[in-house]
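*Asks:* have a look at this fold, sequence not included:
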């Protein structure tokens, strides 16, 4: 008879580099269950202080166990040199989380190698990483951005947490150790919010196939976390999650949403439904929304909401391209509000242009005075209205080339009617 355990999804969490291993240690301390922990590092000493199920000391020949020296290339080659060991460790996994602190050597360089091995083996591969604090320097930030791009290509879904955003959550006098611990806490919450949906029974259950449908080949993802107590707790927690300081952009238009509610056994279906509706309003009309609840009586009156939003690459492809403004030579009355009432036809424009070309060239800038309207104040429609002030077309000040190919910086003396109380369509 087949053991029931054989039907459970095999989830492995791999901490890569110093930041990743610290995050794994945090998850172990918090008692995250149902997953196997793997620590991968070039720093042998750091591996001695982790309780991970598996420890991989990579790059022993190149680094002698002393670390990558903040060089991502050393981290990458170290992982590639131990590719067989990494493959063996990840064998049989249905889902692999790769967590790291971007910007250093091992995490930045080795994480994409680990992720690509996991994905090639058929596991749903999710990266959960942090961007460095600004005070860690520009070089580290540059390395982090390069590493994030490489990791994105290797993962199904990549969640990036900007550490600077954590400063908006913590107190003003937060210490450095507390700040880094807060980063570990967020990484833990991100992994827990997903794994608990799969491994922990709830009022509304989510299986591994549901999670895969949202996160497989999803690209970049956003993560928001919220918690609240008392009246309207679920709704308040959901509002906190979708407006989380951790988000560098809004969740609006997401085509895939994974929504996790955690609370005591008294959590009600109606309050969950109301809170879920808030998230639904942010997502695309055709979004695949998977949500579930986790019963944890240790939370007491508290409700925690974790939102993972994906599918932003699809949204970017749907954004319509803004049409370019017509060239001045091709302007017609349809491009000018109220053009029919002003009697400006193509023939009129050509006659005026010919008359203007026949005039001696002279500098008109001197007589503009206070009548000159800066380009910043010109609307994209080509007109700026200012009460009874003179109104000019935007192209009058662009110094456009005339039809004969010569540059013409002169002002167009054509003026709109003075504001004498007439209600002319197209003029504000």
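*Replies:* That came through fine. Since the model is a prediction, treat every value here as computed from it, not as a measurement.
*Asks:* contacts and neighbour counts: CA atoms only from here.
*Replies:* Will do.
*Asks:* how about the helix or strand hosting residue 78: buried residues?
*Replies:* Residue 78 belongs to helix 72-81 when assigned by DSSP states H and E. For helix 72-81, burial by neighbour count (16 or more other Cα atoms under 10 Å) applies to 72, 74-80.
*Asks:* could these go into TSV alongside pLDDT and distance to residue 285?
*Replies:* Converted to TSV, those look like this (pLDDT from 0 to 100; distance: Cα to Cα, whole Å):
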residue	pLDDT	distance to residue 285
72	94	41
74	93	45
75	93	42
76	95	41
77	94	44
78	94	45
79	95	42
80	95	43
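*Asks:* where does the stretch 1-150 of the chain have low pLDDT?
*Replies:* 1-7 (pLDDT under 70).
*Asks:* quick one: the strands in this protein, in order.
*Replies:* For the chain, applying DSSP state E gives strands covering 11-16, 36-41, 54-57, 95-101, 124-131, 157-162, 219-228, 256-263, 288-295, 303-310.
*Asks:* for the fifth one, which helices and strands make contact with it?
*Replies:* For strand 124-131, the helices and strands in contact under the criterion 3 or more Cα pairs under 8 Å, 6 or more residues apart in numbering; DSSP states H and E are strand 95-101, helix 106-120, helix 138-154, strand 157-162, helix 176-199, helix 208-215.
*Asks:* need the ones you listed in TSV with distance to residue 251 and mean neighbour count, can you?
*Replies:* Shown next, in TSV, are the helices and strands packed on strand 124-131 (distance: least, Cα to Cα, whole Å; neighbours: other Cα atoms under 10 Å):
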stretch	distance to residue 251	mean neighbour count
strand 95-101	22	28
helix 106-120	25	27
helix 138-154	19	19
strand 157-162	13	24
helix 176-199	16	20
helix 208-215	14	19
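*Asks:* dump these to TSV, plus distance to residue 259.
*Replies:* Shown next, in TSV, are the helices and strands packed on strand 124-131 (distance: least, Cα to Cα, whole Å):
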stretch	distance to residue 259
strand 95-101	18
helix 106-120	24
helix 138-154	22
strand 157-162	15
helix 176-199	9
helix 208-215	10
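*Asks:* what separates the helix holding residue 78 from the chain centre, distance-wise?
*Replies:* Mean C-alpha position of helix 72-81 versus that of the full chain (Cα atoms, centre = their mean, to the nearest Å) differs by 27 Å.
*Asks:* do stretch 256-273 as well
*Replies:* 24 Å.
*Asks:* give the contact list for the closest residue in space to residue 8 that isn't next to it in sequence.
*Replies:* Once flanking residues are discounted, residue 8 sits nearest to residue 199: 7.9 Å by Cα to Cα, 6 or more residues apart in numbering. Residue 199 makes contact with 8-9, 34 under the criterion Cα atoms under 8 Å, 6 or more residues apart in numbering.
*Asks:* could you do residue 278 as well?
*Replies:* Each residue near residue 278 by Cα under 8 Å, 6+ apart is listed here: 235, 238-239.
*Asks:* which of the residues you listed count as buried?
*Replies:* Buried by 16+ other Cα under 10 Å: 235, 238-239, out of those.
*Asks:* circling back: now distance to residue 272 too, for the strands of the chain, in a markdown table please.
*Replies:* Putting these into a markdown table (distance: least, Cα to Cα, whole Å) gives the following:
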| stretch | distance to residue 272 |
| --- | --- |
| strand 11-16 | 27 |
| strand 36-41 | 31 |
| strand 54-57 | 38 |
| strand 95-101 | 27 |
| strand 124-131 | 26 |
| strand 157-162 | 25 |
| strand 219-228 | 13 |
| strand 256-263 | 8 |
| strand 288-295 | 8 |
| strand 303-310 | 10 |
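*Asks:* walk me through the domains of this structure.
*Replies:* The record's domain parsing of the chain by automatic domain parsing lists 1-199, 220-319, 322-428.
*Asks:* distance between the longest one and the chain's centre?
*Replies:* Which is domain 1-199. Worked out by Cα atoms, centre = their mean, domain 1-199 lies 19 Å from the chain centre.
*Asks:* go on, the shortest one?
*Replies:* Domain 220-319 sits 16 Å away from the centroid of its parent chain (Cα atoms, centre = their mean).
*Asks:* cool, and stretch 200-217?
*Replies:* The answer for stretch 200-217 is 22 Å, by Cα atoms, centre = their mean.
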